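**Q** could you look at this predicted model? Sequence included:
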Amino acid sequence: MAANPLHLLEPKDCALLLVDQQAGLAFGVGSIDRQVLLNNVVALAKTATVFGLPVVASTSATKVYSGPLMPAIKSALPGIEPIDRRSMNVWEDDKAREAVLATGRSRLIVSGLLTEACVTFAVLSALSAGLEVYVVGDACGALTTASHELALGRMQAAGARPTSWIQVLLEMQRDWTRHETYDGARAIIESHAGGYGIGLAYARDMIRPA
């Protein structure tokens, strides 16, 4: 079922899984600045929209602790309806698991909270199911930097492939003459990629035909 891992990411092969991107869990994140984390997740969500990736969002304990999908993320994904569950592991929830499999995509890109728990469990289970899994490390958060790195190491040892949101975007765009996604990809970079985005905006404003 998995694609050739040597092939670069293509939108037609990929789906995005967002696991528990909820404020109640973000409060406990210590592995990355929480505002940077939110910026990265929103950028990844926008990337999925620009490149037409199917997106599955799953939440847990929305009523008792974690709260809803964070509003900024929901705004980046018009029409998204998160699948709420009781289990920590997305793959042990029939509705959420079937939603991922129903995308028909062989490559699963994963972002979530917390890295050492719900992200790891979902990734290991998806790998066992035969999917090729990419973990967006800078769009995941853990209680500590050490536990984040240990969790990423465990997932990588099991066959998952670590990546970043900007790598996902640039890997899918690859050629700036791909006009159908150019404007959307560039807008994401300008809004979310720090100095790189500032530079692109500057170049657009300064480099004009005489």
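**A** Arrived safely. Numbering: from 1, shown residues only.
**Q** give me the most central residue, this structure.
**A** Taking C-alpha atoms, centre = their mean, the centroid of the chain lies closest to residue 111, which sits 3.8 Å from it.
**Q** what about the strands in the protein?
**A** 14-19, 55-60, 83-85, 107-112, 132-136, 161-163 (DSSP state E).
**Q** output those in a markdown table, with mean pLDDT appended to each entry.
**A** Output for the strands of the chain, formatted as a markdown table (pLDDT from 0 to 100):
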| stretch | mean pLDDT |
| --- | --- |
| strand 14-19 | 98 |
| strand 55-60 | 98 |
| strand 83-85 | 97 |
| strand 107-112 | 98 |
| strand 132-136 | 98 |
| strand 161-163 | 98 |
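**Q** so, low pLDDT: which residues of the chain?
**A** 1-6, 208-210 (pLDDT under 70).
**Q** the helices in it, which residues?
**A** For the chain, the helices defined by DSSP state H cover 23-26, 34-50, 71-76, 94-102, 120-128, 145-157, 165-173, 179-192, 194-206.
**Q** compare these and give me the one nearest residue 63.
**A** helix 23-26 (10.6 Å; C-beta to C-beta). The way it works is simple: take the backbone N, C-alpha and C, and place the C-beta from them, glycine included.
**Q** got the CA positions of that closest one in PDB?
**A** The C-alpha atoms that make up helix 23-26 are tabulated as PDB, following Å, rounded to 0.1, in the frame of the first residue of the first chain:
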ATOM      1  CA  ALA A  23      -5.900  24.400  23.900                       C
ATOM      2  CA  GLY A  24      -6.200  22.200  27.000                       C
ATOM      3  CA  LEU A  25      -3.300  20.100  25.800                       C
ATOM      4  CA  ALA A  26      -1.300  23.000  24.400                       C
END
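**Q** check which residues of that helix are buried.
**A** Under the neighbour-count criterion of 16 or more other C-beta atoms under 10 Å, helix 23-26 has 24-26 buried.
**Q** ok, stretch 27-37 next?
**A** Buried-residue list, stretch 27-37, by 16+ other C-beta under 10 Å: 29, 31-32, 37.
**Q** identify the farthest-apart pair in those residues.
**A** Longest span within the buried residues of stretch 27-37, C-beta to C-beta: 31 and 37, 8.5 Å.
**Q** which neighbours do the two share?
**A** residue 141 (C-beta atoms under 8 Å, 6 or more residues apart in numbering).
**Q** leaving out the residues flanking it, which one is nearest to residue 90?
**A** Here the nearest residue to residue 90 in space, its sequence neighbours aside, is residue 122; by C-beta to C-beta, 6 or more residues apart in numbering that works out to 4.2 Å.
**Q** pretty sure the one you found contacts residue 91?
**A** Yes. Counting by C-beta atoms under 8 Å, residue 122 touches residue 91, with 5.8 Å between them.
**Q** separation between residue 90 and residue 99?
**A** Residue 90 sits 9 Å away from residue 99, going by C-beta to C-beta, to the nearest Å.
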